[in-house]
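1. A predicted structure for the sequence below; I have some questions about it.
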Amino acid sequence: MFALPHFSSRIVVGVGSSGIAVVGWLFARSIRGFPTDPHLWLPRLVVRSVADIRRLDRIAVVWMGLIAWSVIVTALHFAGLTLEIYSAISWWDLLTHSMSGFGIAALAVITHRDRVAMYGSVWWVVPTIVAIGAGFEVYEFVFKAFWHEWTLQMYVVDTVVDLGMNTLGGTAVTSIVSSYLTALDRPQMRSKSPNHAE
């Protein structure tokens, strides 16, 4: 009788990724500053990017950079699949996942930058990236076949590394933005030259 690989011991990857996605999402929602109405994030991103790009100022340049970043990551991913680079170059997967986490986090921050500034908090991005990355692993489990011949150990290691690299990319963005917010809040020390006339 034919058995789908989904119902082998490797199901723990699909179930585990689902659990990580749910826990990551719930944790992200509990953090101060988490943007409201997540079902509207994509429309907000589109409306915000179009409005900002039309302004033709520094923020438009940032959006153009993020669009270019997204195109590059997508090209690297599809080149990896089409040309079988993922299996030929061991670090290709690390590159694409870390760049994806970085790009998605940057898009989340710039789309919701007013809220980030209002709350002075951006750490909701990290568990959000974990949840999105884990959701992508569920998608791969359900719809992709590359893992069908892998052992459970290979599949678990690949998934953990993928999630780790996504999270690393997202953490890099979050750390940069958090450092920037901290620098803005730091009181400016005004040095006054002594007045010798008094």
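-> Perfect, thanks for sending it. Numbers count the residues shown, from 1 in each chain.

2. doesn't His6 make contact with Phe141?
-> Yes: between Phe141 and His6 a contact is recorded at 7.1 Å, counting by Cβ atoms under 8 Å. From N, CA and C alone the C-beta is placed, and that goes for glycine too.

3. residue contacts, Phe146?
-> Counting by Cβ atoms under 8 Å, 6 or more residues apart in numbering, Phe146 makes contact with Glu140.

4. what kind of secondary structure is it in?
-> Secondary structure state of Phe146, per DSSP: H, G, I helix; E, B strand; the rest coil, is coil.

5. what does Ser90 give?
-> Under three-state DSSP, Ser90 comes out as coil.

6. picking that back up, have a look at Phe141 and His6 and say which one is more surrounded.
-> Legend: neighbour count by other Cβ atoms under 10 Å for Phe141 and His6, higher for Phe141 (21 against 13).

7. Which secondary structure element is home to the more buried one?
-> Counting by DSSP states H and E, the element that carries Phe141 is helix 125-143.

8. Next: Val161.
-> With elements taken from DSSP H and E, the one containing Val161 is helix 152-185.

9. Could you tell me which residues within that helix count as buried?
-> Of the residues in helix 152-185, those buried under the neighbour-count criterion (16 or more other Cβ atoms under 10 Å) are 155, 158-159, 162-171, 173-174, 177-178, 181.

10. just to revisit the earlier point, hey, what's in contact with both of Phe141 and His6?
-> In contact with both Phe141 and His6: Gly14, using Cβ under 8 Å, 6+ apart.

11. picking that back up, what angle do helix 125-143 and the helix holding Val161 make with each other?
-> Between helix 152-185 and helix 125-143, the angle comes out at 150 degrees (axes from the mean of the first three to the mean of the last three Cα atoms, to 10 degrees).
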